[in-house]
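Engineer: Sharing a sequence plus its predicted fold:
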Amino acid sequence: MSAVILLWDLLELPQLLNFRTYAFNDPGSNLTINYLISHGYRPVIDFGYPYGLLGIVANLAWFRAVPLTPAGYQTASIICQLGVACALARIARALALRPLQLIFLFVAIGRAVIPTYWNFAHALEAVLISFAMAEQARGARANALALTTTAVFAKPSMGFVYSALLLTLTALDLYRRRTTGLAAWFRQIRPATIVGLSLCAFLGIGFGLDVLYRTVFPISGMANYRALKWGFFNESGASFWHPAGANWHYYAGTMIGLWAVATVYLVWGAVPAGWRLWENLGTRSDSAGMRRDEIVFSCALLHLAFVFLFFGYSNSWNYYSYLLIAGVAAVSIDARLPRYVFCAIIVVAAGTYYSLIAGSISLWRSMSRSPATANLWSSKDVRDEWTRVLILSKGHRTAVLHYAGAIEILYPQFEPPAGTYFCRALTSAAEIQHEVARIKAADMVMLENVFTSSSCGSFPQTPETERALAEFKQIERSKYFLIYERR
């Protein structure tokens, strides 16, 4: 599976190391966050940050070993992809999956990992949750709970739900075995308790208890979801499962086809698996069959929690796709009908790569690397327009305003960054003041020309930044960039 992942990464290379992705979008913010932390900025307090502090610790540690570049971050993403693949392989081995189920994992592995994780937090959470699942698959719930507890400090979302599920299963198991004493209970939660207290102490000392509190609970993330009106059943989520103008080609040739049939199949398999788990938990000796039922039921429950609680916008389907893929692979195919349906799902999974392959081939033909775009991939029109921006801004103090990205890290001639994840729901008063100061100190201001109805995806104006920008006039407007000069 690792070889397949590397092959897909090579195919998607122009998209993975895309200029606009790193200059103005979330992956580039990993470089900016490293810069901000090293210059004394505090997450949540001085700049917007919706994730956990463990992602920042991983960021700082990683970029001490490798250069602070897009290629350096992409290398970290690939390592995390391989980590998820390793965890899925351990699950397959622990559950003694049949050859047909292994074929499905082999085919669908490209849909179980994210080519470029938006943030170190996403990557860490995926590795931790998938390895927790592997520990659960071999019957070590205490180890799994320690891993899900760690995941909470990386990204405070699925780790909470998974931990609650593991605690419930553990409590029911102990009750059924009539071993409800404190000693038996403490043995199960001791690894998680040690991990949780240690991380609280380490992160609290390193970043401050106020920052720890505001990142270990999904306060910023929930506020961001509300402000952007994200959700599976809202307009942003519906653009994934029912976009405007969609026809059968969309459902047959993209991820939504696999996602839909796999969800139905997993829930269908989880009902009898959950019933068997309820009857057998704590009453029979451990077996691969029982652990398989537990994994199927757990993956279905976690997947539904994602749909109803954590689904954001159209592309967020891949945040926890490894749960869906692992759960589907574990569903029993002993009976003829489930086996036939499973074979059909394998065909559907293979078909979802058509648009990915076609799109990647097109990008290889239309994009290239250039020193003007920091040796990142871009189309000719983006490269030409960006070259024009560099010519116009040469010799001027230029501030680039954007909601995320690492343009100032890639081009140190611009005014240094003072924040990232500049969204209305995440931006602090201190960050707004920093942005206003950058604008007032600049001779020129540049923005990416992106239309979006949300407060993220482009630079969101605030009353303070609007007043500061009133002192500028627009001198250039192209397809991708807007340039302003002081009056």
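Structural biologist: Cool, the structure landed.
Engineer: Please make it C-alpha for all contacts and neighbour counts, starting now.
Structural biologist: Noted.
Engineer: ok, which stretches of the stretch 151-300 of the chain are strands?
Structural biologist: Assigned by DSSP state E, counting those that start in this stretch, the stretch 151-300 of the chain shows no strands.
Engineer: Low-confidence ranges, it, go.
Structural biologist: Counting by pLDDT under 70, the ranges of the stretch 151-300 of the chain that qualify are 180, 248-249, 253, 284-286.
Engineer: Residue 445 is in contact with residue 481, isn't it?
Structural biologist: No - using CA atoms under 8 Å, residue 445 is not in contact with residue 481; the gap is 10.6 Å.
Engineer: Stretch 42-62: which residues count as buried?
Structural biologist: Of all the residues in stretch 42-62, those buried under the rule 16 or more other CA atoms under 10 Å are 42-60, 62.
Engineer: start to end distance for it?
Structural biologist: 19 Å (CA to CA, to the nearest Å).
Engineer: outside of it, which residues touch it?
Structural biologist: Applying CA atoms under 8 Å, 6 or more residues apart in numbering, the contact partners of stretch 42-62 are 30, 33-34, 36-37, 41, 76, 119-121, 124, 152-156, 203, 207, 211-212, 214-216, 218-221, 224, 418-423, 426-428, 430-431.
Engineer: Apply 6 Å and report the result again.
Structural biologist: Here stretch 42-62 makes contact (CA atoms under 6 Å, 6 or more residues apart in numbering) with 120-121, 153-155, 215-216, 220-221, 419-421, 426-427, 430-431.
Engineer: likewise stretch 411-426?
Structural biologist: 47, 48, 223, 224, 398, 399, 403, 404, 408, 434, 455, 456.
Engineer: and what of stretch 268-283?
Structural biologist: Outside stretch 268-283, the residues within contact range by CA under 6 Å, 6+ apart are 173, 176, 177, 293, 296, 297, 331.
Engineer: Could you give me the buried positions within it?
Structural biologist: With burial defined by 16+ other CA under 10 Å, the residues of stretch 268-283 counted as buried are 269, 270, 273, 274, 276, 277, 278, 281, 282.
Engineer: again, but for stretch 113-126
Structural biologist: 113-126.
Engineer: Next, report how far it is displaced from the centre of its chain.
Structural biologist: For stretch 113-126, the gap between its own C-alpha mean and the chain's C-alpha mean amounts to 4 Å (CA atoms, centre = their mean, to the nearest Å).
Engineer: Show me what the mean pLDDT comes to for that stretch.
Structural biologist: Here stretch 113-126 scores 92 as its mean pLDDT.
Engineer: can you give me the end-to-end distance of that stretch?
Structural biologist: Where stretch 113-126 begins and where it ends lie 8 Å apart, using CA to CA.
Engineer: With stretch 112-119 instead?
Structural biologist: This stretch, stretch 112-119, spans 17 Å end to end (CA to CA).
Engineer: One more: stretch 226-233?
Structural biologist: 13 Å.
Engineer: what does it rub up against?
Structural biologist: The contact list for stretch 226-233 (CA under 6 Å, 6+ apart) reads 236, 237, 311, 312, 313, 454.
Engineer: let's see it at 10 Å
Structural biologist: With CA atoms under 10 Å, 6 or more residues apart in numbering as the test, stretch 226-233 has contacts from 220-225, 235-241, 306-314, 316-317, 423-426, 453-456.
Engineer: Go through the contacts of stretch 268-283 and name the one nearest residue 11.
Structural biologist: Residue 11 lies nearest to residue 331 out of the contacts of stretch 268-283, by CA to CA, at 30.9 Å.
Engineer: thinking the closest one is in contact with residue 291, fair?
Structural biologist: No - applying CA atoms under 10 Å, one finds residue 331 not in contact with residue 291, separated by 11.2 Å.
Engineer: neighbour-wise, which of those two wins?
Structural biologist: More crowded of residue 331 and residue 291, by other CA atoms under 10 Å: residue 331, with 25 against 21.
Engineer: List the contacts of that one.
Structural biologist: Shown in contact with residue 331 (CA under 10 Å, 6+ apart): 97, 101, 265-270, 273, 292-293, 295-297, 338-339, 342.
Engineer: Generate a PyMOL selection restricted to the buried entries among those residues.
Structural biologist: PyMOL command restricting the contacts of residue 331 to the buried ones, with burial defined by 16+ other CA under 10 Å:
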select buried, resi 97+101+265+266+267+269+270+273+292+293+295+296+297+338+339+342
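Engineer: could you measure residue 30 against residue 60, distance?
Structural biologist: Distance from residue 30 to residue 60, by CA to CA: 10 Å.
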